[in-house]
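Undergrad: pasted the sequence and its predicted model underneath.
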Amino acid sequence: MKKRDENDQLQMLEGAKLMGAGAATIASAGAAIGIGNVFSSLIHSVARNPSLAKQSFGYAIFGFALTEAIASFALMMAFLLILTIGSLYEWKRDASDRQ
């Protein structure tokens, strides 16, 4: 009976891990919206004042880089959730089996 409880715990942990990873990737949608806003603002600013196009483009690339970094961090968190949480639980279980 104890083995079945451990399997249920592992299945529940696996499901929670995947749901957490899915929730972490929602930030990618936010980053896509942010990038759209950055370049939309660039187009509007250049249309209003073409003489500041070079300076505005530099600011837009900086905003793009910061927004893309947020998406990269969210993807990194999703991978960390997928690759580490289950293995930590299994490592703890294996350590208790050895004793």
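TA: Alright, I've got the coordinates. Since the structure is predicted, the reported quantities are computational estimates derived from the model, not experimental observations.

Undergrad: low pLDDT regions in the protein?
TA: 1-4, 86-99 (pLDDT under 70).

Undergrad: the same query, at a cut-off of 80, please.
TA: Regions of the chain meeting the criterion pLDDT under 80 cover residues 1-11, 13, 85-99.

Undergrad: identify the residues contacting Ala69.
TA: The contact partners of Ala69, by CB atoms under 8 Å, 6 or more residues apart in numbering, come to none. No exception for glycine: its C-beta is placed from N, CA and C like everyone else's.

Undergrad: what about it, distance to Leu75?
TA: Per CB to CB, to the nearest Å, Ala69 is found 11 Å from Leu75.

Undergrad: what of Asn37?
TA: Taking CB to CB, one finds Asn37 at 20 Å from Leu75.

Undergrad: give me the more crowded residue out of the two.
TA: Remark: of Asn37 and Leu75, Leu75 carries more neighbours, 16 against 12, as counted by other CB atoms under 10 Å.
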